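Enquirer: A predicted structure for the sequence below; I have some questions about it.
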Amino acid sequence: MERTGALFGHFRDLDQQRETASLGMWVFLMTEVMFFGGLFLAYTVYRWKYHDAFAAASRELDVTMGALNTGVLILSSFTMALAVWASQMRKRNLLCIFLIATMLLGAAFLTVKGFEYAQKFEHHLVPGYNYDFPGPEAEAQHAEIFFALYFLMTGMHAVHMIIGEGMLLILLIYAWKGHFTGDYRAPIENGGLYWHFVDIVWIFLFPLLYLIDLHH
Amino acid sequence: MSAITANPSPASSPPHRPHENYLNANYGIRSWLFTTDHKRIALLYLFSVTIYFAMGGFFAMLIRLQLLTPEGFLVGPDTYDRLFTMHGVMMIFFFLIPSIPAVLGNFLIPLMIGAKDLAFPKLNLLSWYIFNIGAIFTIYSIVTGGVDTGWTFYTPYSSIYSNSQVSAAVIGIFITGFSSILTGLNFIVTIHTMRAPGMTWWRLPIFVWSHYATSIIFILGTPVLAITLVMVAAERLLHVGVFDPRLGGDPLLFQHLFWFYSHPAVYIMILPAMGVTTEIIATFARKNLYGYKAVAIASLGIAAIGFLVWAHHMFVAGISIYAAMVFSLLSYLVAIPSAVKVFNWTATLYRGSVSWQTPMLYALGFIGLFVMGGMTGLFLASIGADVHVHDTYFVIAHFHYIMVGGAVMGYLGGLHYWWPKITGRMYPEMLSRAAAIVLFVGFNLTFFPQFILGYLGMPRRYATYPPEFQVLNVFSTAGASILGLGYLLPICYFIWSMRYGPIASSNPWPATGLEWQTSSPPPTENFETTPVVTWEPYDFEHRPDLGLPKPERARPAPLEAPGLEAGD
Amino acid sequence: MQDSQEHAAREQHAPEHIVPIKTYALICATLLVLTFVTYSVAFVDLGPLNVVVAIVIACVKATLVVLFFMHAAYAPRRTRLVILAGIVWMFLLLGLTLADYLTRFLPR
């Protein structure tokens, strides 16, 4: 079925097309909620079982870096929302600027994450690789589960961010060509939804992984 | 050649091959491999799932051959472990879960709601490719030695200790899971936003309601399996693990995560078949579906409650007895909406104008066998009984009654019912009735003895068994060969019919749905003009366009006072 | 067009809503403040309340992102139903599984 202008051939009108695209993106995001949900379940169970070991392990993480990274990601959500606004206002240059800003902030996040991972390797906190946690054996073993979850959860999050960066790049290229300042803006809006979702995952990861029993 | 249609409908146009339909609109392999037409994608899926069904069936044949004798003459225990694992993996993930939704759902949903295609046609095609890429990984795991963990992949055996091709298999299933997710996403969005004018929610066919409910399970359940398989692969390949008991990992955590998906998965397998059965029953009883709204809501109820019962697979695994009681109660609860459907089918048949074409044989077979499978599920939901029959052939018989007696019969019934619409041809009626009966006999001979075997204590997943169980096992294997023959027949005559079958009219049965209002096969855009719906579903009495004779049922005496007109 | 308008009306059609930049800026500022709050409170000993506070703040932040950055506040009802379903389902997974763990070793 052919496309006429912004309208794909199997739709009746642009409104139906837009609602369909949006609903589709939200349904996909709910699959992502359940996807991360499995990891959150594993985390919840083991934190309940091995609270002290989790607290000891969590203290190995750099809280300030984590908090700053959280701020970076929130700012990137802000710039993404502004990008959607710019596309709705048909402002192509602003749209591209905000997309670039979002990409840069996302890259900053990933860079900090990279430093954090490097630190883990240096400190022998990588399960199955060079893991050597200071402390009694049982605590070290339970802490290894914490670090496994740390890498699984932040790693899965980082994978989503990298995919998001790729998506933003593609959006940027098409935005520059003027594709998203006309009648068809669904990719920007839905790209925004995806990016905000990845931000929300981190909003939960940060307190769960970094802020366990810090007052001790 | 056999009669074209069993119920010629004078009101529909005489059977003729429409000038252009979705099959002849384009030629060449690229027009198929790069199609975005939901109808062609449905046929691509038909091709794929048939191949994977044959693979799963091949493993089943080896299992049944092995179990002909108590000591087993065919394979040793290690190989046997791989046989039942690969049988389960292929059948569940690559046949049962996609079959009805990806073949019949893809083909019919846009037609049934009056749309030109699904909401996301390109995602639909991507879904087929993802499906097969996942299959390639799994087949790789088979040809490089197979997996011996059971299709349930329990940890830590699967994640640490097994020396089989677990990683390739779980990666394959992980990939294929996205095919399910995309299909479910497509269906939900399509049903919400792309219905034709006048097609309100309460006018949707039950087939659509069933697939909507199934899609909810696809969306909310499959991702949990996906992440669980990631965790298994990470533990196995990277030794980054959360299931290792040496570190304090809990094997039951895997089971919770696994069954959170895999129990609702069985409702993925049965709900579409129930939708098919509903369509067939209404058409071949030529009567309005009894309790339409109840059946629609029951579909949603099965999907919802089905998510709350998973730990009934873990009664003897070491879960809390209090949790077990809760899950047991919920498992009884989930039987209620299924029972509602069975009662409503029966009430639809009552005083209907029943005919016995092949789809009806499958639908009736479905009801009987599903009821048996479902009721034995209630035995298993009782914790006390489950302690005795868990991990025995009783469980195997239970789920095969539902999966094969139910889901596969529903699939075959649906294929027969909509074959004229899909291909524009009819299959040979007498031969297809014979095949259905052969299937029914073969099925019962295969699996009924297994109820008895399980009750008597024969455990599952063992390559050998005590000699006193041999007679029943031989019956079961004999039945399996008849069952196999039964499956071979439709494959043969369906292929035959595509070239030599009598040409079908647009509405051969006739039936009430929108899909029958367009030609057989349909044009690529499904309808010449967007239909406007003014009819209620299954309303045979008020559809003069179907050209049916007025029903001759004995009408009950009017309740109005004498002298008043009996209103119509 | 007319039947699509009727259709739209029946389906709680949401005309495209453009959120002003001021709103986005306000939400962003709130999120940053809440991040600082959650970071600071973590160093104060509230006993078991620490994790509660942290989760509650995270939920508030997530809600703000969903409602305003993701436009859920202006979306049709069915979108909000979809969001609710996802959240509820995740809690079903967590809740029923924890029901096992929390009651496994209760004193008889």
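Expert: Nice, thanks for sending it over. Numbers count the residues shown, from 1 in each chain, chains lettered A, B, ... in the order given.

Enquirer: which of the residues in stretch B:127-147 are buried?
Expert: B:127-128, B:130-132, B:134-135, B:137-139, B:141-142, B:146-147 (16 or more other C-beta atoms under 10 Å in any protein chain shown). For every residue, glycine as well, the C-beta is placed using N, CA and C.

Enquirer: same thing with stretch A:122-134?
Expert: By neighbour count on 16+ other C-beta under 10 Å, the buried set for stretch A:122-134 is A:Leu125, A:Val126, A:Pro127, A:Gly128, A:Tyr131, A:Phe133.

Enquirer: confidence-wise, which of those comes last?
Expert: Within the buried residues of stretch A:122-134, pLDDT reaches its minimum at A:Gly128, with 89.

Enquirer: before we move on, back to that, closest one of the buried residues of stretch B:127-147 to A:Ala118?
Expert: The closest of those to A:Ala118 turns out to be B:Phe137 (C-beta to C-beta; 31.9 Å).

Enquirer: tell me where the model's unsure across chain A.
Expert: Residue ranges of chain A with pLDDT under 70: A:1, A:216.

Enquirer: and the longest helix for it?
Expert: helix A:137-176 (DSSP state H).

Enquirer: with chain B instead?
Expert: helix B:251-284.

Enquirer: run the chain-centre distance for that helix.
Expert: Computed by C-alpha atoms, centre = their mean, to the nearest Å, the chain-centroid distance of helix B:251-284 equals 8 Å.

Enquirer: count of residues packed around the closest residue to chain C within chain A?
Expert: Relative to chain C, the nearest point of chain A is A:Met30 (3.3 Å; C-beta to the nearest C-beta). Counted by other C-beta atoms under 10 Å in any protein chain shown, the residues lying close to A:Met30 total 24.

Enquirer: any residue of the longest helix of chain A touching chain B?
Expert: Yes: shown here: helix A:137-176 in contact with chain B (C-beta under 8 Å from any C-beta of the partner chain) through A:Ala138, A:Gln141, A:His142, A:Glu144, A:Ile145, A:Ala148, A:Leu149, A:Phe151, A:Leu152, A:Met156.

Enquirer: what sits against the second one?
Expert: Contacts of A:Gln141 were listed using C-beta atoms under 8 Å, 6 or more residues apart in numbering or on different chains, and they are A:Ala53, B:Arg246, B:Leu247, B:Gly248.

Enquirer: from B:Arg246, how far out is the nearest residue to the last one once chain neighbours are set aside?
Expert: Looking back up the chat, that one is B:Gly248. Distances taken as C-beta to C-beta, 6 or more residues apart in numbering or on different chains put A:His142 closest to B:Gly248, at 4.9 Å, once the chain neighbours are dropped. Look at A:His142 and B:Arg246: by C-beta to C-beta, to the nearest Å, they are 11 Å apart.

Enquirer: same question, A:Glu189
Expert: Shown here: A:Glu189 relative to B:Arg246, a distance of 48 Å by C-beta to C-beta.

Enquirer: please say which of these two ends up with more neighbours.
Expert: A:Glu189 (20 against 10).

Enquirer: what about the longest helix along chain C, near chain B?
Expert: When chain C is scanned for its longest helix (criterion: DSSP H), the result is helix C:77-103. Yes: using C-beta under 8 Å from any C-beta, helix C:77-103 reaches chain B at C:78, C:85-86, C:89, C:92-93, C:96-97, C:99-103.

Enquirer: is that helix positioned near chain A?
Expert: Yes: counting by C-beta under 8 Å from any C-beta, chain A is contacted by helix C:77-103 at C:78-79, C:82-83, C:85-87, C:89-90, C:93-94, C:97-98, C:101-102.

Enquirer: do the same with stretch B:164-179
Expert: No: interface with chain A: stretch B:164-179 contributes nothing (C-beta under 8 Å from any C-beta), its closest point being 9.1 Å away.

Enquirer: then that stretch to PDB, C-alphas only?
Expert: The C-alpha trace of stretch B:164-179 is given here as PDB (Å, rounded to 0.1, in the frame of the first residue of the first chain):
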ATOM      1  CA  SER B 164      24.700 -29.300  26.200                       C
ATOM      2  CA  GLN B 165      24.000 -26.500  23.800                       C
ATOM      3  CA  VAL B 166      21.900 -24.500  26.300                       C
ATOM      4  CA  SER B 167      23.300 -21.000  25.300                       C
ATOM      5  CA  ALA B 168      22.400 -21.400  21.600                       C
ATOM      6  CA  ALA B 169      19.000 -22.600  22.500                       C
ATOM      7  CA  VAL B 170      18.100 -19.900  25.000                       C
ATOM      8  CA  ILE B 171      19.400 -17.200  22.600                       C
ATOM      9  CA  GLY B 172      17.200 -18.700  19.900                       C
ATOM     10  CA  ILE B 173      14.100 -18.700  22.100                       C
ATOM     11  CA  PHE B 174      15.000 -15.100  23.300                       C
ATOM     12  CA  ILE B 175      15.100 -13.900  19.800                       C
ATOM     13  CA  THR B 176      11.900 -15.600  18.800                       C
ATOM     14  CA  GLY B 177      10.200 -14.100  21.800                       C
ATOM     15  CA  PHE B 178      10.400 -10.700  20.100                       C
ATOM     16  CA  SER B 179       8.400 -12.100  17.200                       C
END
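
Enquirer: pLDDT on that stretch, on average?
Expert: Mean per-residue pLDDT for stretch B:164-179: 97.

Enquirer: thinking again about what came up before, so which bits of the longest helix of chain A are buried?
Expert: A:139-158, A:160-161, A:164-165, A:167-168, A:171-172, A:175.

Enquirer: tell me the helix or strand right after that helix.
Expert: Of the helices and strands lying after helix A:137-176 in sequence (DSSP states H and E), the nearest is helix A:186-210.

Enquirer: helices and strands around that following helix, which ones?
Expert: helix A:14-49, helix A:63-88, helix A:92-122, helix A:137-176, helix C:21-41, helix C:49-64 (3 or more C-beta pairs under 8 Å, 6 or more residues apart in numbering or on different chains; DSSP states H and E).

Enquirer: kindly state the pLDDT recorded for the residue sitting nearest the centre point of chain C?
Expert: When C-alpha atoms, centre = their mean is applied to chain C, the residue found nearest the centroid is C:Thr63 (3.4 Å). The score at C:Thr63 is 97. That number is its pLDDT.

Enquirer: quick check: it vs chain B, distance?
Expert: 21 Å (C-beta to the nearest C-beta, to the nearest Å).
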